[in-house]
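**Q** Give me the fold of what follows.
(2 chains)
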Protein chains: 2
Amino acid sequence: MEEKQLKLCMVGFGNAAAAFCQLMHEKMTVIEKDYGVKVLLTGIAGRSKGSLLNGQGIDLAALLQSVAGTGKLSGMPEELLDCSAEEVINRCNADVLVELSTLSIMDGQPAIRHIETAFARGLHVITANKGPIAWDFDRLNKLAERQNRIFLFETTVMDGAPVFNLISETLPGCKVLSFKGILNSTTNFILEEMEHGNSYQDAVKEAQRRGFAEADPSLDVDGWDAAAKTAAIANVVLKARLRPTDVDRTGISGIGIEEIKAAQERLQKFKLLCEGYIENNQVVGRVRPVLVAGNDIYSNIDATSSILTITTDLMGEISIIEKDPEIKQTAYGIYSDLLRLINLLRCR
Amino acid sequence: MEEKQLKLCMVGFGNAAAAFCQLMHEKMTVIEKDYGVKVLLTGIAGRSKGSLLNGQGIDLAALLQSVAGTGKLSGMPEELLDCSAEEVINRCNADVLVELSTLSIMDGQPAIRHIETAFARGLHVITANKGPIAWDFDRLNKLAERQNRIFLFETTVMDGAPVFNLISETLPGCKVLSFKGILNSTTNFILEEMEHGNSYQDAVKEAQRRGFAEADPSLDVDGWDAAAKTAAIANVVLKARLRPTDVDRTGISGIGIEEIKAAQERLQKFKLLCEGYIENNQVVGRVRPVLVAGNDIYSNIDATSSILTITTDLMGEISIIEKDPEIKQTAYGIYSDLLRLINLLRCR
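**A** Numbers count the residues shown, from 1 in each chain, chains lettered A, B, ... in the order given. Modelled structure (predicted):
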C-alpha cells in the first residue's frame, strides 16, 4: 500500500517557522506511526532568506542546520529561487499552506493574498498570522468553504493554547455570548514591572531585552495587537466582521507610575482588557486598561501569561490560562493544527 | 431517506438526569437539524422512581411534567416496571447507555456493572458518574475498545467544562506530565466561609442549604470526592490504575479558624489541592490542604468555582477554570458527550 503523503508549503521563515520545523523534524516518525501520514515540506518562501522548492521534500535536518549556522537558506542544495510567495505557493505542488509571514497589523497583508492564492489553488491553510483573521476572516472562511478546504488558525491567539478549538471541539452546541481576556503579554509585563517600581521606559527595555517586545513597542502599548486579537476572536466566535480599526481601543501609555501606586494601595492592578460582546444586535470589540480587584482571577495573570474567558448560553463561564509561553508554544500551535488537519482529512 | 435514530437508555433519574432531559427536550429539533439524528429515550431505570420502557421513545415533555409534578415516573402512560437497571439496559434496545446512577464513592458500584452490561450488549456509554472512572477506568476502557464502543465521561470532573476533551481534542500530540487542581466545591466553599469568619459548622450548614453539600459532608471534607476525581484524571490522563483509596488523602477537618486567620495575615489561603504526577515511574495521586499565596491564581478560585492545571511536554502549563457551576452545567456535560458521540459515529 502506498504511504499517504501530506505536502506542506511554508511562507515566512522567522523564529516561529524554524521552531515549527524543529518540532516537525523531532515528531516526523511519531506522525508516520500514529497518523499513518508522511509529512513533506516541499516549498519555503522566505522574505529575506530566499526560497526553496523540492518536490521530494526538503531535508529538515539540513534546513535547521543551515538556518542555525548562517541564518539563511543559502546553504541548502535546493534551488534558491528569487520568486514571490505566490509563485512558491503555485509551483510547490503542496496540499497545505502554512502561512507564517510577518504580521502587518494595519491591513493583514500580504498574508491575506497568500491565503487567497492557496485556496484558489486548492490548498488547505494553517496560519499563525492573526492579520488575516483580524481583517478578513469572514471572506476567507467563505472562500475555504466554497473550495471545500480546511482553514485552521489556532495559533493566532494565545499560541497553542486552545481558544478556537476549545469552543469548536469541546463545547459542541454551546453559543458564545461574549468574551474577555488579557491577551497582550508585552503590556501585561510592562504594567507588572511598573508595579515593581520600574519606570515605563525601563519596563519597555526589559521586555525588548527578553525578546517579546518589538523595537517599536507602539503596536503593543497602544493596544493594536490586543485589538487585532479582539477582532480575530470576535470574527470567529461571535461571527462578527470587525477589523482591528473597528475596535474601541485605548492603550496603556496614559497610565503613570503614580496611578499604579495608588491602585496598589487599594489592592488593585491595571490590566489591558480585551472584550467582545453584543450590544443592540452589533458585535462590539473593546480594548482598554481596567482596574481589577485583588481577589479577581485576572489580578493574578502575571508577566507574559494570558487568559481568555468566554460566557456561553449552556455552560456559563469558562476561562483558559496560558502560563509564560515561549516560542515552543507557538511552534506547538502550528503543529497541533497540522495534526488536526490530518485528523479532519481522515474523517472526510 | 430514512432518518437516523439514536436510542438512549438512562440509568438513574435524579436532578442531573432531569436537567439533561429538559435540555435534550429543548434541543431536540436543533439536534435533528444540525446533526441529522433523531434522539429517542427508550428506557429509564430509576432507583426509587421505578423504570419505563418505550421502544418508540418516551415523551420527554410528559416525562418532565410528571417529574416536576409528583417527583415520580408514575404519571407516565408507559407501564411502570419493577425491574433492575441491568434488565432495562438489556430490554430497551438502545444504542447508548447514559449512566447517571447515584455515586458510590467507595466502590464505584452499581455503575460499573451497568457499564459492563451495556458494553456486553453493544451499547456505547456516556457517564456522569465518576465512580467507574475512579475505580475501574482501565478495564472498562479496554472493554469498550474490544467491543468497538465509544466511552465518554466528560461530566465526571468539573461538569461540562472540558477536561478530558481539552486534552484529547485540543492538545493533539501533547503528553500530560502532571496535573493539579481545586476540584471539590464544598470544601472550597467551606474554607472561604471560614475566611469570612464563620465557623466550620455554620459553613457546612450553609453549603447544605445551598444544595451542594450532602447531609453527611464527610465525603467532601475528608477529601474522598477530591480523591475520586484525582484518581479519575490520573487514570485517564496519566494512564494510571489508581483507585480513590490509593490517593494520599488529607481532608480539611484539621484546619481550625485560628490557622485560617493566621494564614490570612500572611495574605495566604488554604485550598484543598488535588495532584497527580509521576515519581519513580509510578503515578502518584495526592489530596491535601495547601497554603497558596495571594498572588497565585489558585488563591482567587473562590466559592464553588474550580480549576485544573495540566503540565505538558509540548505546550507547557495550561489551566481551565469553571465559574460557579450549577445543575445546568452538569446537564450540559452529558449533552456535550451526546453530541460528541453523534459526531464520532458520523466519522466511522
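**Q** Report how many residues lie close to A:L166.
**A** Residues within reach of A:L166, counting by other C-beta atoms under 10 Å in any protein chain shown, total 23. (C-beta placed from N, C-alpha, C; glycine too.)
**Q** What helices and strands are in contact with the strand or helix carrying it?
**A** Using DSSP states H and E, A:L166 maps to helix A:164-170. If contacts are counted by 3 or more C-beta pairs under 8 Å, 6 or more residues apart in numbering or on different chains; DSSP states H and E, helix A:164-170 sits against helix A:224-237, helix B:164-170.
**Q** Format those helices as a markdown table; extra columns: distance to B:S101 and mean pLDDT.
**A** Shown next, in a markdown table, are the helices and strands packed on helix A:164-170 (distance: least, C-beta to C-beta, whole Å; pLDDT from 0 to 100):
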| stretch | distance to B:S101 | mean pLDDT |
| --- | --- | --- |
| helix A:224-237 | 36 | 98 |
| helix B:164-170 | 20 | 97 |
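**Q** want to throw those into JSON lines with distance to A:M158?
**A** Shown next, in JSON lines, are these (distance: least, C-beta to C-beta, whole Å):
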{"stretch": "helix A:224-237", "distance to A:M158": "8"}
{"stretch": "helix B:164-170", "distance to A:M158": "12"}
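**Q** picking that back up, model confidence over the following helix or strand past the helix holding A:L166, on average?
**A** Using DSSP H and E, the helix or strand that directly follows helix A:164-170 along the chain is strand A:176-182. In this model, strand A:176-182 has a mean pLDDT of 98.
**Q** Show the contacting residues for the closest residue to A:N15 other than its chain neighbours.
**A** Nearest non-adjacent residue to A:N15, counting by C-beta to C-beta, 6 or more residues apart in numbering or on different chains: A:I327, 5.5 Å away. Going by C-beta atoms under 8 Å, 6 or more residues apart in numbering or on different chains, A:I327 touches A:N15, A:A16, A:A19.
**Q** and what of A:C92?
**A** A:K7, A:C9, A:T42, A:G43, A:L53, A:G55.
**Q** Next up, the contacts around the residue found closest to the fifth one once you drop the neighbours it is linked to in the chain.
**A** Here the nearest residue to A:L53 in space, its sequence neighbours aside, is A:G43; by C-beta to C-beta, 6+ apart that works out to 5.1 Å. Neighbouring residues of A:G43 by C-beta under 8 Å, 6+ apart: A:C9, A:M10, A:S51, A:L52, A:L53, A:N54, A:I58, A:V88, A:I89, A:R91, A:C92, A:A94.
**Q** repeat that with 10 Å
**A** A:G43 is in contact with A:7-11, A:51-55, A:58, A:78, A:81, A:85, A:87-94, A:97-98, counting by C-beta atoms under 10 Å, 6 or more residues apart in numbering or on different chains.
**Q** What helices and strands are in contact with the helix or strand bottoming out on mean pLDDT in chain A?
**A** Every helix and strand of chain A was ranked by mean pLDDT, DSSP states H and E. The lowest is strand A:80-81, at a mean of 78. Where contact means 3 or more C-beta pairs under 10 Å, 6 or more residues apart in numbering or on different chains; DSSP states H and E, strand A:80-81 is packed against strand A:37-45, strand A:51-53, helix A:85-91.
**Q** excluding its backbone neighbours, what's nearest A:A85?
**A** Once flanking residues are discounted, A:A85 sits nearest to A:A45: 4.1 Å by C-beta to C-beta, 6+ apart.
**Q** that older thread, save the helices and strands packed on strand A:80-81 as JSON lines, and put in distance to B:E116 and mean pLDDT too.
**A** Shown next, in JSON lines, are those (distance: least, C-beta to C-beta, whole Å; pLDDT from 0 to 100):
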{"stretch": "strand A:37-45", "distance to B:E116": "36", "mean pLDDT": "96"}
{"stretch": "strand A:51-53", "distance to B:E116": "57", "mean pLDDT": "92"}
{"stretch": "helix A:85-91", "distance to B:E116": "54", "mean pLDDT": "94"}
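**Q** Pull out the buried positions in stretch A:268-280.
**A** Residues of stretch A:268-280 classed as buried: A:Q268, A:K269, A:F270, A:K271, A:L272, A:L273, A:C274, A:E275, A:G276, A:Y277 (neighbour count, 16 or more other C-beta atoms under 10 Å in any protein chain shown).
**Q** biggest separation within those residues, which pair?
**A** Pairwise distances across those peak at 23.6 Å for A:Q268 and A:G276 (criterion: C-beta to C-beta).
**Q** Stretch A:108-127 near chain B anywhere?
**A** No: with C-beta under 10 Å from any C-beta of the partner chain as the criterion, chain B is not reached by stretch A:108-127; the gap is at least 13.2 Å.
**Q** circling back to that earlier point, narrow the contacts of A:G43 to those that are buried.
**A** Buried by 16+ other C-beta under 10 Å: A:7-11, A:51-54, A:58, A:78, A:81, A:85, A:87-92, A:94, A:97-98, out of the contacts of A:G43.
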